[in-house]
Each structure stands twice: as C-alpha cells, then as structure tokens.
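Asks: pasting the sequence and the predicted model now:
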Amino acid sequence: MAAFATALPIILSGANMLLDANQQNKQRKLQNAQSRAQEALQAQQQADARKRFDAQNKENLSRALAARRASAAARGMGGVGGSADAVMNGLISESEKQRRNFLTDQSFARNSLLGQNAFQRKKNLLDQQTSFLDAGLGFAKKQWGG
C-alpha cells in the first residue's frame with residue numbers, strides 16, 4: 001500500500017503531462033486543418049479571379065478590335081487584310097501577355113502561401129515531437145528524482 005501511495009503522485013503527474021501533450025497535439029492538428037482550408041479558399045478565389053480576368057480581357061479585346069475596325073472603315077480602309085490583321089494580332093498578343101503576367105502573379109502568391117503553410121506544418125510536427133519528449137523526460141525526472 002505504501003508503494004502505491006508513493007507511486008500515485010508520479011502516475012498522476014505523468015498522466016497530466018501526457019494529457020497536456022495530447023491537447024497540444026490536437027491544437028496543432030486544428031492549425032494544420034485551418035491552413036489547408038486557407039489554401040483551398042485561396043485556390044478557389046484565384047480560380048474565380050482568373051475567370052473574371054479572362055472574361056474582362058475578352059470583352060476589352062472585342063471592344064478594342066471593334067474600335068480599330070470602325071476607325072479603319074471610317075478612313076476608307078477595309079476592316080480585313082494587311083494592316084487590320086496586324087493590329088488584331090498585336091491586340092491578341094498583348095492580351096495573352098497580360099494573361100500570362102496575371103497567372104504568374106497568382107502562381108507566386110499561391111506558392112508563397114503553400115510554402116508558409118508547409119513550414120508551419122513541419123514546425124507543428126517538430127513541436128509535437130518535442131512536447132511528447134518533454135512529457136516523457138519530465139515524467140522520468142519526477143519518477144527517478146532527476
């Protein structure tokens with residue numbers, strides 16, 4: 001009975017440390033889930049932004065082409081052929097360049113977020129391992145008087 005009375009505080013202390021480590025583990029898992037949800041939300045926002053950008057870009061291109069054709073027609077030049085085709089190809093090329101720049105900017109922002117979240121998940125994993133190790137060492141010190 002005396003051995004049980006001596007061991008009881010040590011057992012309770014060890015159990016308490018493990019419960020604390022478990023709570024920290026649950027909190028880290030929640031943080032990881034939140035970062036994954038943030039990544040998914042940003043991916044959806046970027047997809048929506050790409051759709052809006054493409055629609056606006058297409059509308060701007062159509063307006064610019066119509067304006068150029070009207071201007072050429074008003075000067076008595078045909079809206080088809082040589083110069084008109086060169087202007088149209090230039091507008092299309094500029095539109096594609098703007099889209100590539102937009103997608104590059106989005107990709108950079110997404111990769112930055114993914115990198116930050118990956119770092120945080122690794123840090124959480126290391127913190128989890130450290131907290132369990134600390135709990136075990138604390139328990140051992142209390143048990144053996146270290």
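Replies: Sure thing, it's come through.
Asks: would you mind finding the longest helix in the protein?
Replies: Longest among the helix segments of the chain by residue count, using DSSP state H, is helix 2-74.
Asks: now do it: which elements does it pack against?
Replies: When contacts are defined as 3 or more Cβ pairs under 8 Å, 6 or more residues apart in numbering; DSSP states H and E, helix 2-74 packs onto helix 82-144. C-beta: built from backbone N, CA, C; applies to glycine.
Asks: D48: neighbour count?
Replies: D48 has 10 neighbours, counted by other Cβ atoms under 10 Å.
Asks: how far away is the closest residue in space to N60 that isn't next to it in sequence from D105?
Replies: In this structure, N60 finds its nearest non-sequential neighbour in S95, 7.5 Å apart by Cβ to Cβ, 6 or more residues apart in numbering. The span separating S95 from D105 equals 16 Å under the rule Cβ to Cβ, to the nearest Å.
Asks: which one's more surrounded, these two?
Replies: Neighbour tally, S95 and D105, criterion other Cβ under 10 Å: the higher count belongs to S95, 16 against 11.
Asks: which parts of stretch 92-105 are buried?
Replies: For stretch 92-105, burial by neighbour count (16 or more other Cβ atoms under 10 Å) applies to S95.
Asks: C-alpha coordinates for that stretch, PDB please?
Replies: Once non-C-alpha atoms are left out, stretch 92-105 reads as follows in PDB (Å, rounded to 0.1, in the frame of the first residue of the first chain):
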ATOM      1  CA  ILE A  92      -4.400  39.400 -79.200                       C
ATOM      2  CA  SER A  93      -0.700  39.100 -78.400                       C
ATOM      3  CA  GLU A  94      -0.900  41.900 -75.800                       C
ATOM      4  CA  SER A  95      -4.000  40.300 -74.300                       C
ATOM      5  CA  GLU A  96      -2.200  36.900 -74.000                       C
ATOM      6  CA  LYS A  97       0.800  38.600 -72.400                       C
ATOM      7  CA  GLN A  98      -1.400  40.300 -69.800                       C
ATOM      8  CA  ARG A  99      -3.000  36.900 -69.000                       C
ATOM      9  CA  ARG A 100       0.400  35.200 -68.600                       C
ATOM     10  CA  ASN A 101       1.500  38.000 -66.200                       C
ATOM     11  CA  PHE A 102      -1.700  37.700 -64.200                       C
ATOM     12  CA  LEU A 103      -1.300  33.900 -63.900                       C
ATOM     13  CA  THR A 104       2.400  34.300 -62.900                       C
ATOM     14  CA  ASP A 105       1.400  36.700 -60.100                       C
END
